[in-house]
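[1] With the sequence up front, the predicted model follows.
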Amino acid sequence: MKIGKVPETVLQRSVLNQIHNRRNEILMGASVGEDCAAIALEPDEVLVMSTDPITGAVQDIGTLAVQITVNDLASAGAEPVGIMLTVLLPERVSEKKLMHMMQQVETACKKANVQVMGGHTEITKVVSQPVISVAGVGKAKKGKLVSTAGARPGMDILISKWIGIEGTAILAKEKETELLGYFAKPFVDGAKAFDQWLSVLPEAMTAVACGVAAMHDVTEGGIFGALWEMAQASGVGLEIDLKKIPVKQETIEICEFFEINPYELISSGSMLMAAHDGSTIVRELEKKGIHAAMVGKATAGNDRILYSGGERRYLEPPKADELYKVL
């Protein structure tokens, strides 16, 4: 396709025709010529917003673009309502690829009950592969917002599902040929299927109902980055048992193959939480078939300590995600 805005015929055929209206709150949504969107809120509701780009994946870029934004909103205790997209494409991308990305977006939106409210699609020389930047809009009841900064000394620290599941799925798909030279096909296929667990909406709803004090979805920088960010935002220290952090064997083996650290690998699908009574949240999540584990405590002071057997070391500030060492 040619440099510049996507032609109106392509926009209508391959973008707008792929998305559907499904939220009554959206008063003005995606259409040709509309540069803004509008949503209606009830008097006791607040608007919650987030933004994130997808730059490290190609095959599932549309799905991931929606999922990470929905997860960000869920981690604030909000109900996701809609998204706005900025889609930047290199010249070599075909209209068929654009349509496929938008079909991925729509499928993910339908699953999460959110709507594409608008956006911008452009062909540009400044990118070498597709980039999707997403702004998400959600709503929450006044007084029910949950922040990353809510952890307090003495609270339990919990993690839902398993760390590294997003990074594992991306690597299994983007580096499938390379992995099949070492691992059996059922192993690689199983790792590719980790994307079935990328939504944190179910655990967020359960945790909010149980009185969770802080939530942070584990994304770039992995669990080490998320732990640091929660501690920094909350002004607390940490004592974390590395052996209690849940991680799948596929993640361990694929990370060993690429010589990267699973604790610093992008981990959408895993929610970091702090609560006065972590055991209740774990029990309620397990009832819903969602694995969770208590991995440590928030402490007074600034020491953020990681324990592994008899070893003890300090958590360091977030680094560049391990995924970028491979892709």
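    Received the coordinates, thanks. Numbers count the residues shown, from 1 in each chain.
[2] other SSEs contacting the helix or strand of the chain with the lowest mean pLDDT?
    With mean pLDDT, DSSP states H and E as the measure, the helix or strand of the chain carrying the lowest mean pLDDT is strand 4-5 (a mean of 84). Applying 3 or more Cβ pairs under 8 Å, 6 or more residues apart in numbering; DSSP states H and E, one finds that strand 4-5 makes contact with strand 115-123. C-beta coordinates here come from the backbone N, C-alpha and C atoms, glycine included.
[3] Pairing partners for the strand it packs on, with directions?
    Sheet pairing for strand 115-123, assigned by DSSP bridges, gives strand 4-5 (antiparallel), strand 79-89 (parallel).
[4] Point out the most buried one among those strands.
    Of the strands paired with strand 115-123, the one with the most neighbours on average (mean count of other Cβ atoms under 10 Å) is strand 79-89, at a mean of 22.
[5] Give me the next element, helix or strand, following it.
    Beyond strand 79-89 on the C-terminal side, the first helix or strand identified by DSSP states H and E is helix 95-112.
[6] Please state the offset of the helix or strand following the least confident helix or strand of the chain from the chain centre?
    Sequence order places helix 8-10 as the next helix or strand after strand 4-5, per DSSP H and E. In terms of Cα atoms, centre = their mean, to the nearest Å, the centre of helix 8-10 is found 31 Å from the chain centre.
[7] ok, now stretch 179-194?
    For stretch 179-194, the gap between its own C-alpha mean and the chain's C-alpha mean amounts to 22 Å (Cα atoms, centre = their mean).
[8] What is the end-to-end distance of that stretch?
    Chord length of stretch 179-194, first to last residue, is 16 Å (Cα to Cα, to the nearest Å).
[9] Can you give me the buried ones in that stretch?
    179, 183, 187-188, 190-192, 194 (16 or more other Cβ atoms under 10 Å).
[10] what mean pLDDT would you report for that stretch?
    If you average the pLDDT over stretch 179-194, you get 97.
[11] in the stretch 101-250 of the chain, which spans are helices?
    Counting by DSSP state H, counting those that start in this stretch, the segments of the stretch 101-250 of the chain that form helices are 165-174, 176-180, 185-192, 201-209, 222-234, 249-258.
[12] Kindly reformat those as JSON lines containing distance to T86.
    Formatted as JSON lines, the helices of the stretch 101-250 of the chain follow (distance: least, Cβ to Cβ, whole Å):
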{"stretch": "helix 165-174", "distance to T86": "21"}
{"stretch": "helix 176-180", "distance to T86": "29"}
{"stretch": "helix 185-192", "distance to T86": "28"}
{"stretch": "helix 201-209", "distance to T86": "23"}
{"stretch": "helix 222-234", "distance to T86": "25"}
{"stretch": "helix 249-258", "distance to T86": "30"}
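[13] I'd like to know which of those is closest to T69.
    Taking Cβ to Cβ, helix 201-209 is the member of the helices of the stretch 101-250 of the chain nearest to T69, at 11.6 Å.
[14] Look up how far Y314 lies from M28.
    Taken as Cβ to Cβ, to the nearest Å, the spacing of M28 relative to Y314 amounts to 50 Å.
[15] Looking at these two, which has the bigger crowd around it?
    A count of neighbours by other Cβ atoms under 10 Å puts M28 above the other of M28 and Y314, at 12 against 9.
[16] which residues does the closest residue to A30 other than its chain neighbours bridge with?
    Once its chain neighbours are removed from consideration, A30 has its nearest residue in G118; the separation is 4.5 Å (Cβ to Cβ, 6 or more residues apart in numbering). Applying DSSP bridges to G118 gives these bridge partners: M84.
[17] before we move on, what about A298?
    Counting by DSSP bridges, A298 forms beta bridges with L238.
[18] With the one 10 residues further on instead?
    Counting by DSSP bridges, S308 forms beta bridges with E311.
[19] I figured it hits L242, correct?
    Yes: counting by Cβ atoms under 8 Å, S308 sits close enough to L242 to count as a contact (4.2 Å).
[20] Same drill for these two, tell me which one is more crowded.
    Each of S308 and L242 has its neighbours counted (other Cβ under 10 Å); L242 has more, 17 against 12.
[21] Show the model's pLDDT score for the more buried one.
    The confidence metric pLDDT takes the value 96 at L242.
[22] Repeat that for M28.
    Taken from the predicted model, the pLDDT recorded for M28 is 86.
[23] measure I19 to T121 for me?
    12 Å.
[24] My error: substitute G154 in the last question.
    When G154 is compared with T121 (using Cβ to Cβ), they lie 49 Å apart.
[25] same question, S147
    Taking Cβ to Cβ as the measure, S147 and T121 are separated by 33 Å.
[26] Between those two, tell me which one has more neighbours.
    Neighbours were counted for S147 and for T121 using other Cβ under 10 Å; T121 has more, 20 against 16.
[27] Looks like that one contacts E8 (just checking).
    No: distance between T121 and E8: 10.8 Å, which falls outside the contact criterion (Cβ under 8 Å).
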